[in-house]
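Participant: Below are the sequence and a predicted model for it; my questions follow.
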Amino acid sequence: MCGMAGWVDFSADLRSQSAVLKAMTQTMALRGPDAAGMWLDRHVGLGHRRLSVIDPAGGSQPMVAERNGAPAAVLVYVGEIYNYRELRRELSALGHRFRSASDTEVLLRAYLQWGDACTERLNGMFAFAIWDVAARRLVLGRDPMGVKPLYYYPTRDGLIFGSEPKAILAHPQPEAELDEDGLRELLLVFTKTPEHGIFRGMREVRPGQLVSIDHSGLRTHRYWQLASRPHTDDLATTVATVRELLEDTIARQLVADVPLCTLLSGGLDSSAVTALAARHLRGQQAGPVRTFAIDFRADPAAPADGPIEDALYAAQVAAHVNADHSVIALSVTDMAGAATRDAVVSANDRPTGLGDLYASLYLLSQRVAAQSTVALSGESADELFGGYRWFHDENTEADTFPWFAALGEGAETDRGLLDPGLFAALDLPAYRDAAYRRALSEVPHLPGENGKERRMRELSYLHLTWFVQILLDRKDRMSMANGLEVRVPFCDHRLVEYVFNAPWHMKAFDGREKSLLRAAAQDLLPEPVTARRKSPYPSIGNPGYESALRDRLTEMLSDPGSPVAPILDRRRLRAMLHEPLDGDHFSSNRRATELMLSLNRWMQRYRVRLALSS
């Protein structure tokens, strides 16, 4: 899967800057534990860390393509191009000659053949940087749904880029500064503004976007975005098409030269992926699918309707498809330990108020990576098919992001934790409302579309372009920090385009959530799984976890050098030590406590300087 970094400076000779490039690249050693490479020329440096998945022997990077014996283009790239075999045949017919069996070389040759338009032919999850030698031009690109991350930092004479912010911050020029808008982004935990990089001056390449820079300046271009089209298929055809698209994309995503598995929660989404993967592997005589599930049964205080229930459903599915099934047991000691919390902050490059959701995925990835290099996940099905409860209740009409309306107090940062003057100056409601208006202005409505269908298209767009980014980031950072590549079939842009344009009355035709997916997978799964109501991602309920949070909060408050201290209401925090945290990651007190602890550790680790005007 890999990590990449580099920079362009049109005013300097970078050929002697290998030490800087090595430092930037080394920050992503966990993303790419198998190999490292660098390429330097007068105005550009490209670095790469590799996790070998396809063609381990032939896919080394940076990869150089030559014309007439001289470099024509140089590529660093992360991710997978799932249709690389078809593209390779097409490019071979056009006269291209290949030296490897890797998808990396296919992407490089595709750029030489079609230029920037090559992205329109790709099916996959990817981020790349290509240096066009003749044009002296750097092109950054990101996959349509933003499964793989990519950040950049414009400078006076070029830009610095990396798969993660830590790679950019390893360059001597950028500083780890947090201004008001960066703080607002962190405090609004359930909102991730496209292109915002948190650190001052840093930006994120938007999903489906190209960023290019040459002597004439920096440009951005959206090569893909959700578009509205009339849906002419009837219900039966729509269900059949969803099934066909899922079968095709899962078959594509099962290609790997390393051990592969699925992450199985026992819910409809991961169960459908697992069942289709099992069917395909049987057809290829490739043996049973491997599956992994989380279980908190090692935790005697875990709630009976949480992760234990998930593990039981996962076991049912595994037995139904004859999987090689493993259970990963996690305890409160695993989840609350200082080493795990530090690892999560380092992997995430930003604080989070959803500590146990991140810690559990980090630990699961760690255990899975010991036995498998690639995993398929059911992530993003809720956003695509309408799985959250707020798609189906009165909050659909609220004039804000629907998850904020549905979660209420649980979606807000507890204003009592921040210095009152700072909290007033940040004006988080106004910031969130401006973000909501911006998102709404982008929704591609059909002519004459109104009423329920119009509003549900808006909700679908908000989830597929804003909300899903939080979950995809979490998935990528927690897995890649352990050298595990997680693929996301429900983010195939063909499937997303098709389901986005299916009318809401089809998406909820049986009066339940995810009606189209349930119908498409009905024959694959045991009845208890298809009949099961959606349950949220499990939150650890052990009182010991709450106690650990209190202990760490006490330590932070007793440390006069805590970097987060200048923005806190310390008196309110001390009072909160004696209040219940409510035992759920959506509760205001618990989430705010997690966020402040994480924010403090993040500021320490990254040496963040507050650049606030107030």
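Facilitator: Right, received. Where do you want to start?

Participant: Counting by contacts, list what the top strand by length along the chain packs against.
Facilitator: For the chain, the strand with the greatest residue count under DSSP state E is strand 70-81. Contacting strand 70-81 under the criterion 3 or more Cβ pairs under 8 Å, 6 or more residues apart in numbering; DSSP states H and E are the following elements: strand 3-9, strand 44-50, strand 63-67, helix 103-114, strand 124-132. The C-beta positions use only the backbone N, C-alpha and C, and glycine is treated the same way.

Participant: again, only this time at 6 Å
Facilitator: For strand 70-81, the elements it packs on are strand 44-50, strand 63-67, helix 103-114, strand 124-132, judged by 3 or more Cβ pairs under 6 Å, 6 or more residues apart in numbering; DSSP states H and E.

Participant: As a markdown table, those with mean neighbour count, distance to residue 357 and mean pLDDT would be great.
Facilitator: Below are these laid out as a markdown table (neighbours: other Cβ atoms under 10 Å; distance: least, Cβ to Cβ, whole Å; pLDDT from 0 to 100):
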| stretch | mean neighbour count | distance to residue 357 | mean pLDDT |
| --- | --- | --- | --- |
| strand 44-50 | 26 | 26 | 95 |
| strand 63-67 | 16 | 37 | 91 |
| helix 103-114 | 23 | 32 | 96 |
| strand 124-132 | 25 | 21 | 97 |
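
Participant: how about the closest residue to residue 116 other than its chain neighbours, phi and psi?
Facilitator: Spatial nearest neighbour of residue 116, excluding adjacent residues (Cβ to Cβ, 6 or more residues apart in numbering): residue 210 at 5.8 Å. When read as degrees, to the nearest 10, the backbone of residue 210 gives phi -110, psi 140.

Participant: ok, residue 210 to residue 128 distance?
Facilitator: Residue 210 is 10 Å from residue 128, where distance means Cβ to Cβ, to the nearest Å.

Participant: anything in contact with each of these two?
Facilitator: Common neighbours of residue 210 and residue 128 (criterion: Cβ atoms under 6 Å, 6 or more residues apart in numbering): residue 141.

Participant: ok, back up a step: give me the contact list for the longest strand of the chain.
Facilitator: With Cβ under 6 Å, 6+ apart as the criterion, strand 70-81 contacts 1-2, 4, 39, 46, 48, 61-66, 103-104, 107-108, 112, 122, 124-133, 148, 163.

Participant: ok, now stretch 150-164?
Facilitator: Under Cβ under 6 Å, 6+ apart, the answer for stretch 150-164 is 3-11, 28, 78, 127, 140, 142, 149, 165, 168, 171, 174, 197, 201-205, 213, 218, 349.

Participant: which residues touch the residue nearest to residue 116?
Facilitator: By Cβ under 6 Å, 6+ apart, the contact list for residue 210 reads 116, 141, 221, 223.

Participant: ranking the residues you listed by neighbours, who comes first?
Facilitator: With neighbours taken as other Cβ atoms under 10 Å, the top of the contacts of residue 210 is residue 141, carrying 25 neighbours.

Participant: For it, what are phi and psi?
Facilitator: phi -140, psi 150.

Participant: what do you get for residue 123?
Facilitator: According to degrees, to the nearest 10, residue 123 has phi -120, psi 110.

Participant: Do you know the pLDDT at it?
Facilitator: At residue 123, the predicted lDDT confidence score is 97.

Participant: What's the end-to-end length of stretch 510-517?
Facilitator: 11 Å (Cα to Cα, to the nearest Å).

Participant: actually stretch 444-457, sorry about that
Facilitator: In stretch 444-457, first residue to last residue: 9 Å (Cα to Cα).

Participant: Distance of residue 251 relative to residue 495?
Facilitator: For residue 251, the distance to residue 495 - Cβ to Cβ - is 13 Å.

Participant: Show me which of these two is the more surrounded one.
Facilitator: Each of residue 251 and residue 495 has its neighbours counted (other Cβ under 10 Å); residue 495 has more, 21 against 18.

Participant: Show the pLDDT at the residue nearest to the spatial centre of the chain.
Facilitator: Residue closest to the average C-alpha location in the chain (Cα atoms, centre = their mean): residue 472, at 2.1 Å. What the model reports as pLDDT for residue 472 is 96.

Participant: any idea what sits nearest it, other than its immediate chain neighbours?
Facilitator: Nearest to residue 472 is residue 147, by Cβ to Cβ, 6+ apart, at 5.6 Å.
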